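Trainee: Dropping the sequence and predicted coords here.
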2 protein chains.
Amino acid sequence: MLLEEKCLKSERIYSGKILNLRRDIVELPNGQQASREVVEHSGAIGVVALEGDGRVYLVRQYRYPIGQITLEIPAGKLEEGEDPLDCARRELKEEAGIEAKRWEPLLTFYTTPGFSNEIMHLFLATELSPREAAPDQDEFLQIVALPLEEALEKVRKGEIADAKTILGLLVVRYKFTS
Amino acid sequence: MLLEEKCLKSERIYSGKILNLRRDIVELPNGQQASREVVEHSGAIGVVALEGDGRVYLVRQYRYPIGQITLEIPAGKLEEGEDPLDCARRELKEEAGIEAKRWEPLLTFYTTPGFSNEIMHLFLATELSPREAAPDQDEFLQIVALPLEEALEKVRKGEIADAKTILGLLVVRYKFTS
């Protein structure tokens, strides 16, 4: 069975700071046409930074789109052409003031393939340096360190509800890696 | 520490079929201003439909935003005001031709709180009726049933790379529920 859709026409609706939006007209496998809305995103990374004593570092920050303060693993957007691991090192240092000797890829996935091309690379960072408090002037966030089991309990209670964070915590907890 | 951001001005950029886009000007905790791009989404559901023999049903479909054929759990968008469980029943029937006697909530999370308000509700469906092949005329998809362990192996190999699907499979595999 043919499943592919072919782009017939592409209309750029918005070019922004963290995303672009376009609307394409596609040809369906049966020859009919349909429209597709696509949020273009440059990709992102997330880091499970795990201390020797089993604590993970989480970022407490306000997420404007959902109007809530969330707890998430340190994360950030890839710059144009940036290597995901370089980005992960940079973000962990910038957001959390932490460097790590050891880095392992955990999982790579699409966050929302129904409407966006965002790809997310998760890493495990261990053998951490002592944390230096050096948040960016523009970033309003707090760093907290929680035992992994306590973080998972917060997932159960709905107090941690960010997809990449839950994925990272589960993968580390159950040693589910590629 | 104050973390909240206050909306000063809101500009609607696009109103579409599956999403809207707006750009707001916000006041940061330090009084300065910044812009925020927000993809508005009505929310969605995903269903891990588990047979008594341990197989899960997956949908093989073309995802235009990433230009790939993916394997994902049955899923769909909430209609205005629709109850997530009603939506899950509807989508499982429509997409996969399956009804289930038993439904349990698995996990609720935000897919991309950095740029969207999309919330995703995952359910476990068991005690399934025999599957009727009745795909929507507009939906080009194939249903496959795989043993849970085989699906997880595909996650390890990167052949399943959809966030909600990986989350659903891991939560069921490790019986991690709220």
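Mentor: On my side now, so go ahead.
Trainee: Domain boundaries for chain A, per the record?
Mentor: Chain A breaks down into these domains under automatic domain parsing: A:6-40, A:44-175.
Trainee: State which helix of chain A is the longest.
Mentor: In chain A, with assignment by DSSP state H, the single longest helix is helix A:84-96.
Trainee: ok so, going back, for the domains of chain A, give me a markdown table that also has mean neighbour count, distance to residue B:77 and mean pLDDT.
Mentor: (Each C-beta comes from the backbone N, C-alpha and C, glycine too.) Listed next are the domains of chain A as a markdown table, based on neighbours: other CB atoms under 10 Å in any protein chain shown; distance: least, CB to CB, whole Å; pLDDT from 0 to 100:
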| stretch | mean neighbour count | distance to residue B:77 | mean pLDDT |
| --- | --- | --- | --- |
| domain A:6-40 | 15 | 12 | 97 |
| domain A:44-175 | 18 | 8 | 95 |
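Trainee: could I get those domains as TSV with distance to residue B:36?
Mentor: Putting those into TSV (distance: least, CB to CB, whole Å) gives the following:
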stretch	distance to residue B:36
domain A:6-40	9
domain A:44-175	5
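Trainee: Next, format these as JSON lines and append distance to chain B.
Mentor: Below are the domains of chain A laid out as JSON lines (distance: least, CB to the nearest CB, whole Å):
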{"stretch": "domain A:6-40", "distance to chain B": "5"}
{"stretch": "domain A:44-175", "distance to chain B": "4"}
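Trainee: Quick check: end-to-end length of stretch A:64-83?
Mentor: 27 Å (CA to CA, to the nearest Å).
Trainee: re the thing from before, how big is the angle separating whichever helix or strand comes after the longest helix of chain A from helix A:84-96?
Mentor: In the C-terminal direction, the helix or strand that comes right after helix A:84-96 (DSSP states H and E) is strand A:100-110. Between strand A:100-110 and helix A:84-96, the angle comes out at 110 degrees (axes from the mean of the first three to the mean of the last three CA atoms, to 10 degrees).
Trainee: got the CA positions of strand A:100-110 in PDB?
Mentor: Taking C-alpha atoms only, strand A:100-110 is exported to PDB below (Å, rounded to 0.1, in the frame of the first residue of the first chain):
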ATOM      1  CA  ALA A 100      30.300  16.000  33.000                       C
ATOM      2  CA  LYS A 101      33.200  13.700  32.200                       C
ATOM      3  CA  ARG A 102      31.000  10.900  30.800                       C
ATOM      4  CA  TRP A 103      28.300  11.200  28.200                       C
ATOM      5  CA  GLU A 104      26.100   8.500  26.700                       C
ATOM      6  CA  PRO A 105      23.300   8.800  24.100                       C
ATOM      7  CA  LEU A 106      20.000   7.600  25.600                       C
ATOM      8  CA  LEU A 107      17.400   7.900  23.000                       C
ATOM      9  CA  THR A 108      16.500  10.000  19.900                       C
ATOM     10  CA  PHE A 109      12.900  10.600  19.000                       C
ATOM     11  CA  TYR A 110      10.300  12.900  17.300                       C
END
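Trainee: Could I get the phi/psi values of the residue nearest to residue A:99 when sequence neighbours are not counted?
Mentor: For residue A:99, ignoring the flanking residues on the chain, the nearest one in space by CB to CB, 6 or more residues apart in numbering or on different chains is residue A:129 at 4.3 Å. Here is the backbone geometry of residue A:129 (degrees, to the nearest 10): phi -80, psi 160.
Trainee: Kindly report the same for residue A:99.
Mentor: According to degrees, to the nearest 10, residue A:99 has phi -110, psi 150.
Trainee: picking up where we left off before, could you verify my assumption that the residue nearest to residue A:99 touches residue A:98?
Mentor: Yes - judged on CB atoms under 8 Å, residue A:129 makes contact with residue A:98 at a distance of 6.4 Å.
Trainee: Tell me which residues are up against the longest helix of chain A.
Mentor: Contact partners of helix A:84-96, identified using CB atoms under 8 Å, 6 or more residues apart in numbering or on different chains, comprise A:43, A:45-47, A:49, A:57, A:59, A:74-79, A:98-100, A:103, A:105, A:121, A:123, A:125, A:131, A:134-136, A:139, A:141, A:143.
Trainee: Just the element for residue A:49, please.
Mentor: Element membership for residue A:49, per DSSP H and E: strand A:44-49.
Trainee: Which element, helix or strand, includes the residue in chain A sticking out farthest from the centre?
Mentor: Outermost residue of chain A with respect to the C-alpha centroid, by CA atoms, centre = their mean, is residue A:31; its distance is 36.2 Å. Assigned by DSSP H and E, residue A:31 belongs to no helix or strand.
Trainee: Just want the phi and psi numbers for it.
Mentor: Per-residue torsions, residue A:31: phi 90, psi -10 (degrees, to the nearest 10).
Trainee: And residue A:83, by the same measure?
Mentor: phi -70, psi 130.
Trainee: still on that earlier bit, could you dump the longest helix of chain A to CSV, C-alpha only?
Mentor: The C-alpha atoms that make up helix A:84-96 are tabulated as CSV, following Å, rounded to 0.1, in the frame of the first residue of the first chain:
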residue,chain,number,x,y,z
PRO,A,84,23.7,17.3,19.5
LEU,A,85,26.4,16.3,22.0
ASP,A,86,28.1,19.7,21.8
CYS,A,87,24.7,21.3,22.3
ALA,A,88,24.1,19.0,25.3
ARG,A,89,27.4,20.0,26.9
ARG,A,90,26.8,23.7,26.3
GLU,A,91,23.2,23.6,27.7
LEU,A,92,24.1,21.6,30.8
LYS,A,93,26.9,24.1,31.6
GLU,A,94,24.8,27.2,30.8
GLU,A,95,21.5,26.2,32.4
ALA,A,96,22.8,24.1,35.3
